[in-house]
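Q: how does the following fold in three dimensions:
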Amino acid sequence: MAKTNDAEVISVPNLLQAKVGGPISQADMHMIEKAEEALKDLRADFGQWLEEEVGKLEAAAKVVKTAGLAGPEGEELFVRAHDLRGLGSTYEFPIVTRLAGSLTKMIDMQEKRDKAPLALALAHVGAIRAALSQNIRNDEDAVASELAGELEKQSAAFAEPWKD
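A: Here you go, the predicted structure:
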């Protein structure tokens, strides 16, 4: 018995252009260029904004040193680290995103904060400060990469019992 390989090809129309009002006009391109220029102007402020956020993280860490991670102070440290996890790459410091992400995985739940090693949490904070102070933006720096890797390893080992 002979097999037939009948196939039907369905072409789906691309409706995106219709949804955005047709092709991009010269006026729209001009607006895009203006937005890109505005973003370039904002980049000059990224370092200061990141400095402020790291300052908030360090202030929370200072309180945690005496109060511990178990109370609301630990939650504040988590909130600050969580903010930096999102802002690091936005502000062109992906190493900060990586380090803050490692810290948040370790203290993202009250149950974890109750048992988390304070020294490890503070080591993350110190590494974030060092990256910013030394203008180390990514893990192309061998020392930063090794440090981030070790902190991630220890953080993951601690958080393993809570893994989904």
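Q: show the contacting residues for residue 43.
A: residue 92 (C-beta atoms under 8 Å, 6 or more residues apart in numbering). The C-beta positions use only the backbone N, C-alpha and C, and glycine is treated the same way.
Q: which element follows whichever strand or helix holds it toward the C-terminus?
A: Following DSSP states H and E, one finds residue 43 within helix 26-67. Counting by DSSP H and E, the element after helix 26-67 in chain order, helix or strand, is helix 72-90.
Q: residues touching that following helix, excluding its own?
A: With C-beta under 8 Å, 6+ apart, helix 72-90 has contacts from 46, 49-50, 53-54, 56-57, 60-61, 63-64, 67-69, 94-101, 103-104, 107-108, 110, 113, 116, 121, 124-125, 128.
Q: same check, this time on stretch 51-68
A: Residues contacting stretch 51-68 (C-beta under 8 Å, 6+ apart): 73-74, 76-77, 79-81, 83-84, 87, 96, 100, 118, 121-122, 125, 128-129, 132.
Q: buried subset of those residues, written for PyMOL?
A: Buried residues within the contacts of stretch 51-68, by 16 or more other C-beta atoms under 10 Å, are selected in PyMOL with:
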select buried, resi 73+74+76+77+80+81+84+87+96+100+121+122+125+128+129+132
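Q: any idea how far residue 62 lies from residue 80?
A: Distance, residue 62 to residue 80, using C-beta to C-beta, to the nearest Å: 11 Å.
Q: with residue 110 instead?
A: 16 Å.
Q: show me where pLDDT drops low in this protein?
A: 1-4, 16-18, 20-25, 27, 164 (pLDDT under 70).
Q: can you do 80?
A: Along the chain, segments meeting pLDDT under 80 span 1-6, 12-29, 39, 164.
Q: middle-most residue in this protein, spatially?
A: Nearest to the mean C-alpha position of the chain, by C-alpha atoms, centre = their mean, lies residue 85 at 2.9 Å.
Q: my read: residue 103 touches residue 118, true?
A: No: between residue 103 and residue 118 there is no contact under C-beta atoms under 8 Å: 12.0 Å.
Q: just the CA coordinates of stretch 31-38, formatted as PDB?
A: C-alpha atoms of stretch 31-38 as PDB (Å, rounded to 0.1, in the frame of the first residue of the first chain):
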ATOM      1  CA  MET A  31      10.800  60.000  18.000                       C
ATOM      2  CA  ILE A  32      12.700  56.800  18.400                       C
ATOM      3  CA  GLU A  33      16.000  58.600  17.900                       C
ATOM      4  CA  LYS A  34      14.900  61.200  20.500                       C
ATOM      5  CA  ALA A  35      14.100  58.500  23.000                       C
ATOM      6  CA  GLU A  36      17.500  56.900  22.400                       C
ATOM      7  CA  GLU A  37      19.200  60.200  23.000                       C
ATOM      8  CA  ALA A  38      17.300  60.700  26.300                       C
END
